[in-house]
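[1] This is a predicted model, with the sequence first.
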Amino acid sequence: MGLIIYLNGSFVSEEDAKISVFDHGFLYGDGIFEGIRAYHGRVFKLEEHLKRLYESAKSINLTIGINKKEMQEVILETLRQNGLKDAYIRLVVSRGKGDLGLDPRKCSKATIICIAAQIKLFEPSMYEQGLEVKTVAIRRNNPDSLNPRIKSLNYLNNILAKIESTQAGVIEAIMLTQDGYVAEGTADNIFIYRNDVLLTPPLSAGILEGITRNTVIRLAKELKIEVKEELFTRHDLYTADECFLTGTAAELIPVIDADGREIGDGVPGPAFKQLLEAFRTHTHVDGPDIYSNLETNV
Ligand code: PMP
């Protein structure tokens, strides 16, 4: 059975969820999106995701047309329509239908799509064994050109990185900043654990402000793990005791090899395991309840 999709105010079948070929999201990647997860009947970190979506919209001067509260209802109702308690939610807001020119003033109304589905990003064994990453030649977008803090529909930078790593037989790519510091993965932030300190690149490096990243930083502090948001190099990555990636889709996934250098003992380390456990526990309690508590504080 197909999914029920939210499209511009209506719930329609997957087959009927169609948008114009003149939509500027399609023609130019002019739009923004969010990836959100529901766990155990709750939408995890919903407030944070809505905040980031509306901030991305503001940054690209896009009028979404509905407010955060209405958007929250769109998400909850999409989950209800599909009878889902655990799901990955994709929210897309494009500039809408325009003409063949790129002038956004020709687009009178944003297109809003919400899809809720079950996904499996990496094989379950990878969470146990860890994965290999490759630092790629393509650099993360220069923040002065397209700021990575905007979760825009333009993911070519990330896709080119992914192509480079997969062609080298490695599933995930790590992009460096314009200055050659470690930035982030193609859809995930990066952490290393080195000399008893958890390190992750700062926002000023030109990365997406990951919501899983922020959650991990908070949980680490609660666990009395020292955390620093600091630039680090490939050398720091190669010689780290532990490394892992964070993202809504990927969750927390251990990295055991970078560019052919074994990280630590080549197995998921104790800091990672401790943080993963804390993260899993946290997913039980955070976010609005999809099926009962409809009151929220967005
Ligand atoms: N970096 C990039 C480039 C991403 O696309 C994502 C996925 N949204 C992340 C990091 C992780 O962000 P989050 O934890 O909010 O999913």
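    Structure received.
[2] for Phe121, what are its contacts?
    Residue 121: Leu, not Phe. Ala249, Ala250 (Cβ atoms under 8 Å, 6 or more residues apart in numbering). Where C-beta positions appear, they are placed from N, C-alpha and C, glycine not excepted.
[3] gap between it and the ligand?
    11 Å (Cβ to the nearest ligand atom, to the nearest Å).
[4] now do Ile4
    24 Å.
[5] correct me, but that residue touches Val12?
    Yes. Using Cβ atoms under 8 Å, Ile4 is in contact with Val12, at 7.3 Å.
[6] When those two are compared, which one has more neighbours?
    Neighbours were tallied for Ile4 and for Val12 using other Cβ atoms under 10 Å; the higher tally belongs to Ile4 (21 against 14).
[7] Need the pLDDT of the more buried one.
    On the pLDDT scale, Ile4 is placed at 98.
[8] In a helix, Phe33, correct?
    No. Phe33: not assigned to a helix; according to DSSP: H, G, I helix; E, B strand; the rest coil it is strand.
[9] Now for it, how many residues are close by?
    17.
[10] what's the spacing between it and the ligand?
    Separation of Phe33 from the ligand (Cβ to the nearest ligand atom): 9 Å.
[11] do the same with Asp259
    20 Å.
[12] That residue is in contact with His235, isn't it?
    No. Between Asp259 and His235 there is no contact under Cβ under 8 Å: 10.9 Å.
[13] Settle it for me: which of the two has more neighbours?
    More neighbours surround Asp259 than the other of Asp259 and His235, with 15 against 10 (other Cβ under 10 Å).
[14] need the contact list for the more buried one.
    Applying Cβ under 8 Å, 6+ apart to Asp259 gives the contacts Val133, Lys134, Thr135, Arg234, Tyr238.
[15] and what of Arg213?
    Asn189, Phe191, Thr200, Thr246.
[16] quick one, strands of the stretch 101-250 of the chain?
    111-117, 131-135, 172-176, 182-185, 189-194, 197-200, 226-229, 242-247 (DSSP state E, counting those that start in this stretch).
[17] Mind putting the ones you listed into TSV with distance to the ligand, mean neighbour count and mean pLDDT?
    Shown next, in TSV, are these (distance: least, Cβ to the nearest ligand atom, whole Å; neighbours: other Cβ atoms under 10 Å; pLDDT from 0 to 100):
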stretch	distance to the ligand	mean neighbour count	mean pLDDT
strand 111-117	15	21	98
strand 131-135	14	21	97
strand 172-176	8	25	98
strand 182-185	5	26	98
strand 189-194	5	24	98
strand 197-200	11	22	98
strand 226-229	14	14	98
strand 242-247	4	26	98
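[18] Max pairwise distance over the contacts of Asp259: which two?
    Lys134 and Tyr238 (12.2 Å; Cβ to Cβ).
[19] who touches both of those two?
    With Cβ under 8 Å, 6+ apart, Lys134 and Tyr238 have common neighbours Ala258, Asp259.
[20] For this protein, name the helix or strand with the lowest mean pLDDT.
    helix 124-129 (a mean of 88; mean pLDDT, DSSP states H and E).
[21] so what secondary structure elements neighbour that helix?
    Using 3 or more Cβ pairs under 8 Å, 6 or more residues apart in numbering; DSSP states H and E, the elements in contact with helix 124-129 are strand 251-258.
[22] Would you mind getting the angle between the strand it packs on and strand 172-176?
    Interaxial angle, strand 251-258 versus strand 172-176 (axes from the mean of the first three to the mean of the last three Cα atoms, to 10 degrees): 80 degrees.
[23] mind listing what strand 251-258 pairs with, with the direction of each?
    strand 131-135 (parallel), strand 242-247 (antiparallel), strand 261-262 (antiparallel) (DSSP bridges).
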